[in-house]
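*Asks:* Here is my input, please return the structure:
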Amino acid sequence: MKLTSLDWFWIALYFVINGAIGFYYKARAGKNVSEFFLSGRNIPWWLAGTSMVATTFAADTPLAVTGMVAKGGIAGNWLWWSFVASGMLTVFFYARLWRRAGVMTDIEFTEIRYSGKPAAFLRGFRALYLGIPINCIVLGWVNLAMVKILTLVLGVTRFQAILIVLLLIASTAFISTLSGLWGVLVTDLFQFFVKMTMVTVLAVVAVEAVGGMGALKTRLYALDRARGIQIGSHGSLLSFIPDFNSPWMPITTFLVYISLNWWATWYPGAEPGGGGYIAQRMFCARNEKHSLLATLWFNIAHFAIRPWPWILVALTSLVLFPGLADPETGYVRVMITYLPASLRGVMLAAFAAAYMSTIATQLNWGASYIVSDFYRRFIRREASDKHYVNVSQVTTVFLALVSAVVTFYMTSISGAWKLLIVTGAGTGLVLLLRWFWWRINAWSEISAMIVAFVVSVALQTVGHLDSDDPVQFAWIMIITVSVTTVAWLTVTMLTPPESDCTLVSFYRRARPDGAGWKPVALLAPEVAIAHQGWYNALDWISGCVLIYGALFGTGKLLLGETTIGLLLLAAGAAGGAVIYADLSRRGWNVVSE
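*Replies:* Predicted structure coming up:
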């Protein structure tokens, strides 16, 4: 792709603004570890929520979506659309609880909810397991996406692209280590504006390159006929519902997506009940109200606002570049071929923004686990805040280097997504219930993690099941979740519960609602609990209607199906109205306290 001097100016300006933000927040981030990792717990909902959105909008995301659309049309996105229920569950049941816990990381929660050596082991193990290998796998596939983009855009070799990515990592790590979470949050806001603007522009340009929406639909129908698919059927590229007889998403796989994935699996950014960098943003919110609003805004933007620019470009790539060996690169090829020269530099800056926003968060989040939950807890418990900030900065650089090495061994972005999903299968239920059932102990989580990993790996190695095959993926999920659930429930009942002291302390601190804490509630009668579970469930269901109504309604309008599009948008608006009315009726003093 040819770049003009104006293009290079826009790219340089982008990096200058990022650097300026980093230097601006340097003094604040260096005060203490709380400022470095949690921004002093004083972030408004709109900034915390936008940062969540920006983090999950990485350079890999539009490429992965393009690969899904190439394989299964619009309906191919159900791999991640199925997590709407999990996101809404976090909003209305868990966001407030996380903020009340008052921890620095979600792993620190371990030694608040549990006690003794099992709790300490679980905290240290999760800190290293999630902070290094899992975190670096995520960083690796984000790096891989940027490598694919650079090889196509700049015409460089894979090795040269990785060297450029190393420079981008160095720049991102510098800003992250310099400014802590404050710099990450503010650069996320700036980067989100840049990348959303440009992916929308690219979608408009791509559709115009095909000849307009009508011409795009006509040519996609021609592709359907060439594949022997009837126009308007569920197997069409334009269908929102998959053909359950198709090899890429049979009914077994689809049912696993919508009935199992969202609650049973651990996945970065979509953990059941919240966790990881999503929880980190909840912790840094000003209060419980801001924590809830931040996660609500995140889910609306994540599922209902962002997808369609990516999907439209993915659909045009099927028409403009049919039969690609690597369909994920179709997105970049549309950009190279059809984006006007005056916008190419801004688009590259947008990809850099998408890449750097995710890298910055993953580095800061991973470092928070290693420093706060391992180093500070087990290696050096008494040291100055300056010392821990310095260790955090060194850890950030270490993670950046390891992630670059991981990138060498990756080939598929969506394949890495599925690998993490099956590896964490079965752990989700214990993560949800630990807040609402007093009987769960540290051994419950430990056994769930171990059994889930062993079973999923055994099925893929000894059993030769392929997580990239839809049917085999579904069976890996079903078997792993079933075995893991039975295992951790058995372990829970065979091991003693946590001590009354630990349980009462947690109950007083988090004030969880639900009948699952009755024995403990009797030991702390002074704790006033607002029993709002049914209303939270109503808001959860309404939230799902809001998201899916807005998502599918917008899509139908873009495809020219005005009537059904407006009806779906109306359904989404009705879901939002129910939430607003309920929260207004209850009052924020009930919702957030």
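
*Asks:* looking at this structure, which helix or strand is least sure?
*Replies:* helix 33-38 (a mean of 55; mean pLDDT, DSSP states H and E).

*Asks:* Tell me the helix or strand right after that helix.
*Replies:* helix 45-56 (DSSP states H and E).

*Asks:* buried ones in that following helix?
*Replies:* For helix 45-56, a neighbour-count test (16 or more other CB atoms under 10 Å) marks 45, 47-56 as buried. Backbone N, C-alpha and C define where each C-beta goes, glycine included.

*Asks:* could I get these as a markdown table with distance to Ala304?
*Replies:* Shown next, in a markdown table, are these (distance: CB to CB, whole Å):
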| residue | distance to Ala304 |
| --- | --- |
| Trp45 | 17 |
| Leu47 | 20 |
| Ala48 | 18 |
| Gly49 | 13 |
| Thr50 | 15 |
| Ser51 | 18 |
| Met52 | 14 |
| Val53 | 11 |
| Ala54 | 16 |
| Thr55 | 17 |
| Thr56 | 13 |
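
*Asks:* Show residues contacting stretch 157-177.
*Replies:* 15, 18-19, 21-22, 143, 146-148, 150-151, 154, 156, 183-184, 187, 352, 355-356, 359-360, 363-364, 392-393, 396-397, 400, 403-404, 407-408 (CB atoms under 8 Å, 6 or more residues apart in numbering).

*Asks:* should've said stretch 495-505
*Replies:* 112-115, 438-439, 441-443, 520, 523-524.

*Asks:* Among those residues, which pair sits farthest apart?
*Replies:* Using CB to CB, the contacts of stretch 495-505 span at most 24.0 Å, a distance reached by Trp443 and Ala524.

*Asks:* Pick out whichever of these two has more residues nearby.
*Replies:* Trp443 (19 against 16; other CB atoms under 10 Å).

*Asks:* What are the phi and psi values at the more buried one?
*Replies:* phi -70, psi -30 (degrees, to the nearest 10).

*Asks:* Which residue is the nearest non-sequential neighbour of it?
*Replies:* Thr495 (4.6 Å; CB to CB, 6 or more residues apart in numbering).

*Asks:* Quick one: the buried residues of helix 45-56 as CSV, columns for pLDDT too.
*Replies:* Shown next, in CSV, are the buried residues of helix 45-56 (pLDDT from 0 to 100):
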residue, pLDDT
Trp45, 84
Leu47, 87
Ala48, 85
Gly49, 86
Thr50, 88
Ser51, 84
Met52, 83
Val53, 85
Ala54, 81
Thr55, 77
Thr56, 79
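
*Asks:* For this structure, give me the ranges with low pLDDT.
*Replies:* 25-41, 176-182, 232-233, 248, 267-270, 408-423, 514, 530-531, 588-593 (pLDDT under 70).

*Asks:* can you do 50?
*Replies:* Within the chain, no stretch has pLDDT under 50.

*Asks:* of the contacts of stretch 157-177, buried ones?
*Replies:* Buried among these (16+ other CB under 10 Å): 18-19, 21-22, 143, 146-148, 150-151, 183-184, 187, 352, 355-356, 359-360, 363-364, 392-393, 396-397, 400, 403-404, 407.
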